[in-house]
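Asks: Turn this into a structure:
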Amino acid sequence: MARRSNAEHAYVVAYDISDPKRWRRVFKTMKGYGRWLQLSVFHCRLDGGRRAEMASALEDLIDRDADHVIILDLGPAEDVEFAVESLGKSFQPIERRAVVI
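Replies: Alright, predicted model coming up:
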């Protein structure tokens, strides 16, 4: 169900995309909406309009018979203190950096 409010909510978006080409497109799209946490997992802070925009963009990219995307609403962003517990290899959030050539 799409949220259409101006209040930002915190979301975790995870996806299982069966085709590598579609996976790359979904990954590139998600980079515009949130912070990359792990292979196919993003943390996002979005208002209702951006959340609906993201869901629509993903719907246009995926194969509904082969792919799966989940969007977990964690609640109002100001009420969510995002913390990551990592088991196994140490967790290092991926930060966007400018590429210098």
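Asks: State the distance from Ala66 to Leu46.
Replies: From Ala66 over to Leu46 the distance is 26 Å, taken as C-beta to C-beta, to the nearest Å. In short, each C-beta sits where N, CA and C put it, glycine included.
Asks: oh, I was asking about His68
Replies: 20 Å.
Asks: Those two: who's more crowded?
Replies: Leu46 (22 against 11; other C-beta atoms under 10 Å).
Asks: quick one, longest helix in the chain?
Replies: Scanning the chain for the helix with the most residues, using DSSP state H, yields helix 48-61.
Asks: Show me the contact partners of that helix.
Replies: Helix 48-61 is contacted from outside by 2-7, 9, 11, 13, 15, 22, 25-26, 29-30, 33, 44, 46, 69, 71, using C-beta atoms under 8 Å, 6 or more residues apart in numbering.
Asks: Would you tell me what the next helix or strand after the worst-scoring helix or strand of the chain on mean pLDDT is?
Replies: Lowest on mean pLDDT, DSSP states H and E among the helices and strands of the chain sits strand 34-38, with a mean of 92. Under the assignment DSSP states H and E, the closest C-terminal helix or strand after strand 34-38 is strand 41-46.
Asks: What strands line up against that following strand, and which way round?
Replies: strand 9-16 (antiparallel), strand 34-38 (antiparallel) (DSSP bridges).
Asks: quick one, which of those is packed in tightest?
Replies: Most buried of these, by mean neighbour count (mean count of other C-beta atoms under 10 Å): strand 9-16, with a mean of 19.
Asks: Kindly export stretch 22-42 (C-alpha atoms) in CSV.
Replies: Taking C-alpha atoms only, stretch 22-42 is exported to CSV below (Å, rounded to 0.1, in the frame of the first residue of the first chain):
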residue,chain,number,x,y,z
ARG,A,22,17.5,-6.4,-14.4
TRP,A,23,19.4,-6.6,-11.1
ARG,A,24,21.8,-3.9,-12.2
ARG,A,25,18.9,-1.7,-13.3
VAL,A,26,17.2,-2.1,-9.9
PHE,A,27,20.4,-1.5,-8.1
LYS,A,28,21.1,1.7,-10.0
THR,A,29,17.5,2.9,-9.4
MET,A,30,17.7,2.2,-5.7
LYS,A,31,20.9,4.1,-5.3
GLY,A,32,18.8,7.2,-6.0
TYR,A,33,16.4,6.5,-3.1
GLY,A,34,18.5,5.3,-0.2
ARG,A,35,21.7,4.0,1.3
TRP,A,36,23.1,0.7,0.1
LEU,A,37,23.6,-1.7,3.0
GLN,A,38,24.3,-5.0,1.4
LEU,A,39,24.1,-6.7,-2.0
SER,A,40,20.3,-6.3,-2.5
VAL,A,41,19.3,-4.3,0.6
PHE,A,42,18.8,-0.6,1.0
